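Engineer: no sequence on hand, only this structure:
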Ligand code: ADP
């Protein structure tokens, strides 16, 4: 309370006042001792240094050195207030003793200086101290204003005037300025806080903020409604208990704690953006689009993690519409594929010299029609596959595959296409230092070479589709030079690498390559047919196995596509193989889907 009435004076100023008081009391005591030691100087009478002054000074000194600090711990203002009241006593006493004589001018000066210092400390100390001194003097002169000497008058009027001037002087300088600023800032902070609260609560997306251990520190109204957890109940709870995310839609099993995006973000300090199914408190499931970002505070040149914040919304409606769209596209493309296949077949027959006789003009037209029909057939096929990939109906039968053998075998099929176009085809099997491998002593000249073993859990048919598609693109867009297929990796991943010496891809197109229907629009690719769906499908398939696909390229310097798959340890591969072997042949292939979006 007292602190609030005080100006917000910094601790340094209180210490300064304290030091000044200590100095004055020591000065009193020293002067007293000198006056006793050298009585002939007559100091005692000239300066009013009687025993009472000394008792008071010693008492005040004791207060300043002990109790002052105890009180100052909780309120420096209160400790100084008491100090200022106490300081009145020795001064009034010496004034009294010297009978307001001019020899006490030195005290007057000190007293006025105290008034100035006290004034700096705000209204409460000033008024308190001045009031006491005023009453004291009035009592001393016994209200006999007629006999008041000029020094006495100065004593009565001086301190309040000095204190008030000092108060306003400092107030307008810096002391109160800072206190006003603090007040203003705290007011602003409060209003900002309220604004922020209103803002967060009015956002229609759900917002949940957590601390570094994943405990909820903030949840807005929308998040409460979506999760079914009221704000007061969810505060301090583990975010994974409130934002319950479904791992497998078929069994409604929830994500393990370690897999939960909140924990992933807190662990890796990287944002996550996913569409997942959530189970609310009433066990009703819904699709949510969820973006979680780490909250990082820059400190000492580093970013320190202070928590994470999730923004999510109900996307059930969008999901249902998307499903309808995908269903329409897949039904339509499925239905149209059959007549297109028939047209393609008849055109092939018409072009077959053994069964039909046509003139050269007709042959030229029919060849063009055949090419277009082939393109149409591919488009329908791609549309069907991409629609399935989007709504999670893409079938997949993952199994343990040794990538080295797999890529080597596949390269034989791919070589033909490249060489047919006059391109050189290279296969590069690379082993990195920390890969476990087997020693192949049978290779050239008895030299021991290390061939890496990369086990991955993938559907070989689907991954063949991916590698073939990317390799076919490399061949398709490269007019001369070389196409390279490579396999490398480290302890965590197996990486398939496909590079070419083709035209390259402009930097601005690279981030969009894997979007639906995206084709680079330049003279090099315009002349070459394509649907713009191939890489989109590739990405969807690669993501089925928690893999990653991306491209690096420079115009004029060719392109390189990278495909990463998580690598299994030899023990895990063995385990999975045994599991598959022990299952019945019909069920040995586990069907997974792309429900993860
Ligand atoms: P498309 O059927 O058009 O080939 P994709 O999805 O397979 O569709 O590829 C998308 C686009 O990426 C292509 O249209 C092409 O512009 C570009 N692209 C893909 N691979 C290469 C490559 N190896 N070299 C140059 N451009 C490429």
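Structural biologist: On my side now, so go ahead. Keep in mind it's a predicted model, so treat the numbers as computed, not measured.
Engineer: what sits against residue 333?
Structural biologist: If a contact means C-beta atoms under 8 Å, 6 or more residues apart in numbering, then residue 333 has 380, 381, 383, 384, 387 as its contacts. (C-beta placed from N, C-alpha, C; glycine too.)
Engineer: in the host helix or strand of it, what counts as buried?
Structural biologist: For residue 333, the host element (DSSP states H and E) is helix 316-351. Neighbour counts over helix 316-351 (16 or more other C-beta atoms under 10 Å) mark 319, 322, 326, 329-330, 333, 336-337, 340, 344, 347, 350-351 as buried.
Engineer: in helices only, show me the contacts of residue 333.
Structural biologist: Applying DSSP state H to the contacts of residue 333, the entries found in helices are 380, 381, 383, 384, 387.
Engineer: quick check, nearest of those residues to residue 507?
Structural biologist: Of all those, residue 507 sits closest to residue 383, with 29.1 Å by C-beta to C-beta.
Engineer: for the nearest residue to that closest one once chain neighbours are set aside, give me the pLDDT.
Structural biologist: In space, residue 383 comes closest to residue 333 once its chain neighbours are excluded; the distance is 4.2 Å by C-beta to C-beta, 6 or more residues apart in numbering. According to the prediction, residue 333 has pLDDT 86.
Engineer: kindly report the same for residue 133.
Structural biologist: Looking at residue 133, its pLDDT is 68.
Engineer: quick check: mean pLDDT of stretch 355-371?
Structural biologist: For stretch 355-371, mean pLDDT is 92.
Engineer: do stretch 337-349 as well
Structural biologist: On average, the pLDDT along stretch 337-349 is 92.
Engineer: what of stretch 158-170?
Structural biologist: Summarised as a single mean, pLDDT over stretch 158-170 is 76.
Engineer: list the buried residues for it?
Structural biologist: Neighbour-count burial for stretch 158-170 flags 158, 159, 160, 162, 163, 164, 166, 167, 170 (criterion: 16+ other C-beta under 10 Å).
Engineer: do stretch 370-383 as well
Structural biologist: Under the neighbour-count criterion of 16+ other C-beta under 10 Å, stretch 370-383 has 370, 373, 376, 377, 378, 379, 380, 381, 382, 383 buried.
Engineer: work out for me the element the fifth one sits within.
Structural biologist: With the criterion set as DSSP H and E, the secondary-structure element containing residue 378 is helix 360-390.
Engineer: establish whether that helix and the ligand are in contact.
Structural biologist: No - if you take C-beta under 6 Å from any ligand atom as the test, helix 360-390 misses the ligand, and the best it gets is 7.7 Å.
Engineer: quick one: list the elements packing against that helix.
Structural biologist: On a contact count with 3 or more C-beta pairs under 8 Å, 6 or more residues apart in numbering; DSSP states H and E, helix 360-390 meets helix 316-351, helix 534-544.
Engineer: buried ones in the last one?
Structural biologist: Right, the one you point to is helix 534-544. 534, 535, 536, 537, 538, 539, 540, 541, 542, 544.
Engineer: what about the ligand: which of those residues touch it?
Structural biologist: By C-beta under 6 Å from any ligand atom, the members of those lying near the ligand are 534, 535, 536.
Engineer: just the closest residue of this structure to the ligand, please.
Structural biologist: Here the chain gets closest to the ligand at one residue, residue 530, 2.4 Å apart by C-beta to the nearest ligand atom.
Engineer: can you confirm that residue is in a helix?
Structural biologist: No - Residue 530 is assigned coil when assessed by DSSP: H, G, I helix; E, B strand; the rest coil, not a helix.
Engineer: and it, its phi and psi?
Structural biologist: The phi/psi pair for residue 530 (degrees, to the nearest 10) reads phi 180, psi 170.
Engineer: what's the pLDDT at it?
Structural biologist: 82.
Engineer: grab the nearest non-local neighbour of it.
Structural biologist: Excluding its sequence neighbours, the residue lying closest to residue 530 (C-beta to C-beta, 6+ apart) is residue 519, at 6.0 Å.
Engineer: tell me the SS of that neighbour?
Structural biologist: Counting by three-state DSSP, the backbone at residue 519 sits in coil.
Engineer: so it sits right up against residue 532, yeah?
Structural biologist: Yes - using C-beta atoms under 8 Å, residue 519 is in contact with residue 532, at 4.2 Å.
Engineer: who has more neighbours, these two?
Structural biologist: A count of neighbours by other C-beta atoms under 10 Å puts residue 519 above the other of residue 519 and residue 532, at 18 against 15.
Engineer: picking up where we left off before, could I get the contacts of residue 333 as CSV with pLDDT?
Structural biologist: Below are these laid out as CSV (pLDDT from 0 to 100):
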residue, pLDDT
380, 89
381, 88
383, 88
384, 88
387, 84
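Engineer: out of those residues, which is nearest to residue 500?
Structural biologist: Closest to residue 500 out of those is residue 381 (24.1 Å), distances taken as C-beta to C-beta.
Engineer: mind listing what the closest residue to the closest one other than its chain neighbours touches?
Structural biologist: Counting by C-beta to C-beta, 6+ apart, residue 381 lies nearest to residue 337, which is 6.7 Å off, once chain neighbours are set aside. Counting by C-beta under 8 Å, 6+ apart, residue 337 touches 377, 380, 381, 384.
Engineer: equivalent analysis for residue 517, please.
Structural biologist: 531, 532, 533, 536 are the contacts of residue 517 under C-beta under 8 Å, 6+ apart.
Engineer: how near is it to residue 321?
Structural biologist: Relative to residue 321, residue 517 is positioned 19 Å away (C-beta to C-beta, to the nearest Å).
Engineer: now swap in residue 134 and tell me
Structural biologist: Counting by C-beta to C-beta - residue 134 and residue 321 are separated by 84 Å.
Engineer: rewinding a little: nearest to residue 185, of the contacts of residue 337?
Structural biologist: So of the contacts of residue 337, ranked by how close each gets to residue 185 (C-beta to C-beta), first place is residue 384, at 63.1 Å.
Engineer: before I go, just wanted to say thanks for your time.
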